[in-house]
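K.L.:
fold the following, please.
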Amino acid sequence: MTAENTAAQVAGPSPSPRLRELDFFHGAWEASGLFHETPFGPRKDIEMRIETAAVERGHWVMVRTEELATPANPAPLTARYLWGHDVATGEFVADWFDSNGGHAVQRSSGWDGETFVLTGVMTMAGTSVPLRDTFTRLGDSSYHHIGEIDLGGGWIPVDEETVTRVGN
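P.N.:
I've put the predicted structure just below:
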């Protein structure tokens, strides 16, 4: 065994090169939008902050969202998303966990033009439903996000935000 092989074993495998496709999301963001009226609650405006960075030696992307408390949103939600790339399937993977006890497992084939779509299943309070998150780039420093669920009659919007990069 050479010194180079030993060093590679100590350092571990390299992150999937496809994770670079998520670099657009890295950094600090501010968002404004709304939760649509659904069977789970009334319509409400939301403001949020989002921080995204590579973690775990670059193998994962951590997305942290934090709604801001406002009169319209006195119980703001926080969430952590962990995004990665499964080299075996060629899919992007996303798991998230929120401050209401909800969690989801989603997958994506990657960017299609300016759109990145994650689909999977969300579980909250013992109920699981199909979930779709669509991110559409609006330029180098902004994107639109819409989260949708399917309660059996097709996709309905749950939350929707316009997101703008803070700083550079």
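K.L.:
can you tell me the number of residues neighbouring Ala75?
P.N.:
Neighbours of Ala75 under the rule other C-beta atoms under 10 Å: 9. (Glycine included, C-beta is placed from N, CA and C.)
K.L.:
how close does it get to Gly152?
P.N.:
Note on Ala75: its distance to Gly152, by C-beta to C-beta, to the nearest Å, is 28 Å.
K.L.:
Lys44 too?
P.N.:
24 Å.
K.L.:
look at the two and report which has more neighbours.
P.N.:
For Lys44 versus Gly152, the count of surrounding residues by other C-beta under 10 Å is larger for Lys44: 16 against 6.
K.L.:
quick one, what contacts that one?
P.N.:
Counting by C-beta atoms under 8 Å, 6 or more residues apart in numbering, Lys44 makes contact with Leu34, Phe35, Ala72, Asn73.
K.L.:
any chance of the residues you listed in JSON lines, plus distance to Pro13, pLDDT and neighbour count?
P.N.:
Listed next are those as JSON lines, based on distance: C-beta to C-beta, whole Å; pLDDT from 0 to 100; neighbours: other C-beta atoms under 10 Å:
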{"residue": "Leu34", "distance to Pro13": "42", "pLDDT": "94", "neighbour count": "16"}
{"residue": "Phe35", "distance to Pro13": "40", "pLDDT": "92", "neighbour count": "22"}
{"residue": "Ala72", "distance to Pro13": "46", "pLDDT": "85", "neighbour count": "12"}
{"residue": "Asn73", "distance to Pro13": "42", "pLDDT": "88", "neighbour count": "17"}
